[in-house]
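Engineer: A structural model of the following input is requested.
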Amino acid sequence: MSDPAELRKVLVFYTGGTIGMKRNDHGVLVPASDVFVKKIRSCPELHDPELAEAYCVREHELITKIPSCPGPITYQVREYHPLLDSSNVSPREWVIIAKNIQENYNEFDGFVVLNGTDTLAYTSSILSFMFKNLAKPVVITGAQISIFEDPSDAKMNILSSLTFAGCSDIPEVCVYFGSKLMRGNRVRKVHTSQLDAFESLNYPVLAETGMHSRIHRGNTLQKSERGPLIIHNKLCEAVGVLFIFPTLTRTQLLSFLEPTLEGVVLVTYGSGNIPSHRQDLLDVLRNAVGRGIVVVNVTQCARGPVSVSYETGRCLQEIGVVSGHDITIEAAYAKLVVVCGMVRTSEERTELMKQVLRGEMTLL
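Structural biologist: This is a model prediction of the structure:
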């Protein structure tokens, strides 16, 4: 019998998404319950029956050997019910995922979350801010093509995610997709159908797979002696995202910034600009900040930070709008959701939004 101590243990949470969907009678992909694990078990790349016998793995476990890992990886897949199209993911599901990881934290070397691609960047961002003292890898992945289709990117994404979750010591929430491991709060979905659908737009990748796979240690968060894993599971849903556009009216802005709102991601032109001659808009924003709404300035551009290089950007800073620097829209939204749930006063919230909490932005 082989030594079980050699095994690396990973827990996989299957929440839904294209990765495990099947086509219905109309040829449309839909969530399919209780078939995903059976499919994985039938894939020799993802489960090795001979290894399972040699290591006496239990019936509900799977096992695979990856050349870059010192030993085999044994893993369990826990399927959520009901399975979700990722467009239907809500704060309720984010809290469930975080609690499930916390409940099993001491039993496994790492975790994989299978999530639909449409909201994957939101899920990875929100989890990164929900966890405090995270010392193990949490890898989020999905697929553009279902594992039940051929060819598919599902097998490689699962296999590589298992590798980083089980055999690396990267202490953060990551996204694996299209041969790249990226910081979870730095990614955006940039293509609807290509297999290389996600990019880390303003931060270098953490690792790459291929002929010469490697981890870029200088890009990962540093592991240090910290306390037990804590989750911030009180999420604030009174957060919104507003794009500035040329015909935006005072009435429209007033309607959006209603009194129940607590945080806003303001998505502005270029390096963080709005029309400086529109005093009506500036007055509405000033009043919103004055009554406690935290407003964060994020650029509409795919790459680059907001700054105060122009008069149109400086005027936002003067009325109390917080610079998001090079943070993504998804990460700014997620950070506000968590921060507004963590602390009560707008002053505390503003201060936290200015700080780098999980490597989500680069201060100028």
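Engineer: name the helices or strands packed onto the least confident helix or strand in the chain by mean pLDDT?
Structural biologist: Ranked by mean pLDDT, DSSP states H and E, the weakest helix or strand in the chain is helix 311-318, scoring a mean of 80. Judged by 3 or more C-beta pairs under 8 Å, 6 or more residues apart in numbering; DSSP states H and E, helix 311-318 is in contact with strand 263-268, strand 294-299. For glycine as for every other residue, the C-beta is placed from the backbone atoms N, C-alpha and C.
Engineer: just the residues contacting the last one, thanks.
Structural biologist: When you say that, I think you mean strand 294-299. 262-272, 285, 288-289, 305-306, 313, 316-317, 320-324, 327-329, 332, 335-336, 339-340, 346, 349-350, 353 (C-beta atoms under 8 Å, 6 or more residues apart in numbering).
Engineer: strands of the stretch 151-300 of the chain, start to end?
Structural biologist: Listed in chain order, the strands of the stretch 151-300 of the chain (DSSP state E, counting those that start in this stretch) span 173-177, 180-183, 187-189, 198-200, 207-208, 214-215, 230-231, 239-243, 263-268, 294-299.
Engineer: okay if I get those strands as CSV plus distance to residue 72, mean neighbour count and mean pLDDT?
Structural biologist: Formatted as CSV, those follow (distance: least, C-beta to C-beta, whole Å; neighbours: other C-beta atoms under 10 Å; pLDDT from 0 to 100):
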stretch, distance to residue 72, mean neighbour count, mean pLDDT
strand 173-177, 19, 28, 98
strand 180-183, 21, 26, 98
strand 187-189, 29, 21, 97
strand 198-200, 28, 21, 97
strand 207-208, 20, 18, 96
strand 214-215, 20, 13, 92
strand 230-231, 30, 16, 96
strand 239-243, 43, 18, 98
strand 263-268, 44, 25, 98
strand 294-299, 43, 26, 97
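Engineer: save these as TSV, and put in distance to residue 160 too.
Structural biologist: Formatted as TSV, the strands of the stretch 151-300 of the chain follow (distance: least, C-beta to C-beta, whole Å):
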stretch	distance to residue 160
strand 173-177	5
strand 180-183	8
strand 187-189	15
strand 198-200	13
strand 207-208	9
strand 214-215	12
strand 230-231	26
strand 239-243	31
strand 263-268	31
strand 294-299	30
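Engineer: which one of the ones you listed lies nearest to residue 98?
Structural biologist: Nearest of those to residue 98, taken as C-beta to C-beta: strand 230-231 at 4.6 Å.
Engineer: which strands and helices lie in contact with that closest one?
Structural biologist: helix 91-103, strand 131-132.
Engineer: residues in contact with stretch 351-364: which ones?
Structural biologist: By C-beta under 8 Å, 6+ apart, the list of residues contacting stretch 351-364 from outside reads 125, 128-129, 172-173, 183, 185-186, 202-203, 221, 294, 296, 305, 307, 322-327, 331, 335-336, 339, 342-343.
Engineer: buried subset of the residues you listed, written for ChimeraX?
Structural biologist: Command for ChimeraX that selects the buried part of these, burial taken from 16 or more other C-beta atoms under 10 Å:
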select :125,128,129,172,173,183,185,186,202,203,221,294,296,305,307,322,323,324,325,326,327,331,335,336,339,342
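Engineer: so which of the contacts of stretch 351-364 are in helices?
Structural biologist: 125, 128, 129, 331, 335, 336, 339, 342 (DSSP state H).
Engineer: how close does the nearest residue to the last one once chain neighbours are set aside get to residue 52?
Structural biologist: In space, residue 342 comes closest to residue 232 once its chain neighbours are excluded; the distance is 5.3 Å by C-beta to C-beta, 6 or more residues apart in numbering. Relative to residue 52, residue 232 is positioned 38 Å away (C-beta to C-beta, to the nearest Å).
Engineer: okay, now the unreliable bits of the stretch 51-200 of the chain?
Structural biologist: Low-confidence segments of the stretch 51-200 of the chain (pLDDT under 70): none present.
Engineer: stretch 315-326: end-to-end distance?
Structural biologist: Length of stretch 315-326, first residue to last, C-alpha to C-alpha, to the nearest Å: 19 Å.
Engineer: gap between it and the chain center?
Structural biologist: 25 Å (C-alpha atoms, centre = their mean, to the nearest Å).
Engineer: do stretch 107-120 as well
Structural biologist: Remark: stretch 107-120 is offset 9 Å from the chain centroid, using C-alpha atoms, centre = their mean.
Engineer: got the buried residues for stretch 300-312?
Structural biologist: For stretch 300-312, a neighbour-count test (16+ other C-beta under 10 Å) marks 301, 305, 306, 307, 308, 312 as buried.
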